[in-house]
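1. With the sequence up front, the predicted model follows.
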Amino acid sequence: MSSKRRLVVVQAAGLGFDLLGQHGIEALLGLRFRAMAAPFPGLTCPVQATLRTDLPPGRHGVPANGLWFGDLRRPLFWEQSSRLVEGSRVWADLRARGGRVALLFWQQSLGEEADVILSPMPVHKHHGGIIDSVYGSPADLYGRLRGEVGRKFRLSTYWGPLASPAASRWIAEATAALIRGPDAPDLCLTYLPALDYDLQRHGPGSRQCAKAVASLAGDIRTIVEAAGDASEVIVFGDYAIGAVAPGGAIHLNAVLRDGGWFRTRSVRGMLYPDLHASSAFAVADHELAFVHVDGEGKLADDVAVALEATPGVARVMREPDLEAAGLRHPRGGNLLAVAGPGRWFAYQWWGPGESGPDYAAHVDIHNKPGYDPCELFWGWPPFTVGRDPGRIRGSHGRAGDDRRVALGSTPGLDVAGVESIPALAGWLRRWCGSAQG
């Protein structure tokens, strides 16, 4: 595979293969790029869990970014415990021989079987607000990398109305500092989110997209140059972001509420979900939504029929479909709705003249029972976030020929036959099994 002992794997959020040709960055990076099949689900957490375990979502237990916990009667988004990811890690043989592994800004990385971990871990203050904090293992890691980069990591650039390629730039420079250092890991997996923000805000055909692609190219070049002669580099896209049409949001929970399956309760005039009294709830996650239905048979069929009749829904996968696709898991749902071209799923259940929960107006990724890209915009009054799903112009999750992702590698690597994320996971396991620890 390569005579070099070290490998750097760069996950570039939203790096669809078509973006390379449109913006002419391939020649700038010194990498060989080609297309891989679009992953399904095309979501961050399932892709990362598949890559680290070489297992499908139904076996590694992370079928989406938002996971349903039946005992709690609620979904949870962006939980960070590595124990949520089931299965042996692809790097197990490498570490068993004394090799060292690093994960930088990967989801579900806290407590992972790795030697170096860096992850945002803010402290939420009791009366609101947060304290910027980054978790590092070893404990002095963040301090050392912050000194090398020359500035601290700012969480506000990673998500929210101020999210920008600045977050990706910091991660790239920290990755470069780590792999140049005397204790460089044998395998380093890092995550660059540069494309994730303006492609969702403005769409993949926007001028803002072109600027984001150029910024990502600079981030990748920073890592490739730092790798030098000591490490090979792989760059891959985890999903491709497609264009969203005006009015493209689909409100599945409003459909379920109208059908009497989803219940709410009013608190000071605000409608909160009552999931203990509900028999169905859709966990909106970009272009996909796992739907948890209490019970099977007629109830699940009735819900599926109602969702299939909803404008913009391309398909509703039932349990046999989920089983066949390797997606059936208790943390998912009985059904999986897939949005059609130009459409996506918004989590909101309230309608005109009604008030949503207080968290609707704030960046609150853990309390919201669905993904909310409106958090990428400022709202009104000041210091609140947007609440208009009609502003979103890009989304991801579904598969198709228009959603192929990019795979790039340094010339010394033989990645022939790697045509998908699962194939890349298998290749990585073999590399770790043969690499010199």
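-> On my side now, so go ahead.

2. in the stretch 251-400 of the chain, which spans are strands?
-> Ranges of strands within the stretch 251-400 of the chain are 264-267, 270-273, 280-285, 288-293, 313-317, 335-339, 344-345, 394-395, based on DSSP state E, counting those that start in this stretch.

3. who does the fifth one pair up with?
-> Taking DSSP bridges as the criterion, strand 313-317 pairs within the sheet with strand 335-339 (antiparallel).

4. With the last one instead?
-> In the sheet containing strand 394-395, its partner strands are strand 242-243 (antiparallel), by DSSP bridges.

5. Would you give the sheet partners of the next helix-or-strand element following the partner strand, along with the direction of each?
-> Using DSSP states H and E, the next helix or strand after strand 242-243 towards the C-terminus is strand 249-250. With DSSP bridges as the test, strand 249-250 is paired with strand 344-345 (parallel).

6. got a list of contacts for the partner strand?
-> The contact list for strand 344-345, computed with Cβ atoms under 8 Å, 6 or more residues apart in numbering, reads 244, 248-252, 282, 284-289, 337, 339, 370, 392, 395, 397. Every C-beta, even on glycine, is put in place using the N, C-alpha and C of the backbone.

7. can you rerun that using 10 Å?
-> Counting by Cβ atoms under 10 Å, 6 or more residues apart in numbering, strand 344-345 makes contact with 200, 242, 244-245, 248-253, 282-289, 312-313, 337-339, 370-371, 373, 389, 392, 394-398, all of which sit outside it.

8. what's the offset of that strand from the middle of its chain?
-> Offset of strand 344-345 from its chain centre (Cα atoms, centre = their mean, to the nearest Å): 15 Å.

9. Secondary structure element holding Arg429?
-> Secondary structure assigned from DSSP H and E places Arg429 in helix 421-434.

10. and that helix, what's its mean pLDDT?
-> Predicted confidence along helix 421-434 averages 97 (mean pLDDT).

11. Mind listing what's buried along that helix?
-> Ile421, Pro422, Ala423, Leu424, Ala425, Trp427, Leu428, Arg429, Trp431, Cys432 (16 or more other Cβ atoms under 10 Å).

12. Repeat that for stretch 152-169.
-> By neighbour count on 16+ other Cβ under 10 Å, the buried set for stretch 152-169 is 153, 155, 157-169.

13. Same question for stretch 261-277.
-> With the criterion 16+ other Cβ under 10 Å, stretch 261-277 contains buried residues Trp261, Phe262, Arg263, Thr264, Met270, Leu271, Tyr272, Pro273, Leu275.

14. how much space between the second one and Pro273?
-> Okay, so that is Phe262. Between Phe262 and Pro273 the distance, using Cβ to Cβ, to the nearest Å, works out to 7 Å.

15. do Phe281 as well
-> Taking Cβ to Cβ as the measure, Phe281 falls 7 Å from Pro273.

16. Between these two, which contacts overlap?
-> Any residue near both Phe281 and Pro273 by Cβ under 10 Å, 6+ apart counts here, and that gives Arg73, Arg74, Pro75, Asn253, Arg257, Phe262, Arg263, Tyr347, Trp349, Pro369, Gly370.

17. Find the nearest non-adjacent residue to Trp378, please.
-> Residue nearest to Trp378 in three dimensions, not counting chain neighbours: Pro161, with 4.6 Å by Cβ to Cβ, 6 or more residues apart in numbering.

18. coming back round to it: can you tell me which of the buried residues of stretch 152-169 lies nearest to Ala212?
-> In terms of Cβ to Cβ, no member of these lies closer to Ala212 than Pro165, at 5.9 Å.

19. what's near enough to touch Gln191?
-> Careful, residue 191 is Tyr and not Gln. For Tyr191, the contacting residues are 9-13, 44, 48, 103-107, 109, 119, 168, 171, 175, 238, by Cβ under 10 Å, 6+ apart.

20. rewinding a little: what do Phe262 and Pro273 both touch?
-> Residues touching both Phe262 and Pro273 comprise Asn253, Phe281, Trp349, with contact defined as Cβ under 10 Å, 6+ apart.

21. Leu145: helix or strand, and which one exactly?
-> In this structure, Leu145 is located in helix 141-149 according to DSSP H and E.

22. any idea of the mean pLDDT in that helix?
-> 97.

23. Contacts made by that helix with the rest, please.
-> Defining contact as Cβ under 10 Å, 6+ apart, one finds that helix 141-149 is touched by 102, 104, 116-119, 121, 133-136, 138, 152-153, 169-178, 180-181, 183.

24. pull the CA atoms of the next helix-or-strand element following it into CSV?
-> Towards the C-terminus, the helix or strand next in line after helix 141-149, according to DSSP H and E, is helix 165-180. Backbone C-alpha positions of helix 165-180 (Å, rounded to 0.1, in the frame of the first residue of the first chain) are rendered in CSV as follows:
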residue,chain,number,x,y,z
PRO,A,165,-14.2,28.4,7.4
ALA,A,166,-12.1,29.9,10.2
ALA,A,167,-13.0,26.8,12.3
SER,A,168,-11.7,24.5,9.5
ARG,A,169,-8.5,26.6,9.2
TRP,A,170,-7.8,26.3,12.9
ILE,A,171,-8.3,22.5,12.8
ALA,A,172,-6.0,22.2,9.7
GLU,A,173,-3.3,24.2,11.4
ALA,A,174,-3.6,22.1,14.6
THR,A,175,-3.5,18.9,12.5
ALA,A,176,-0.4,20.2,10.7
ALA,A,177,1.3,21.0,14.0
LEU,A,178,0.5,17.5,15.4
ILE,A,179,1.8,15.6,12.4
ARG,A,180,5.0,17.7,12.2
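
25. and helix 165-180, what does it pack onto?
-> The elements that helix 165-180 packs onto, with contact taken as 3 or more Cβ pairs under 10 Å, 6 or more residues apart in numbering; DSSP states H and E, are strand 6-12, strand 101-104, strand 116-120, helix 141-149, strand 187-192, helix 207-227, strand 231-237.
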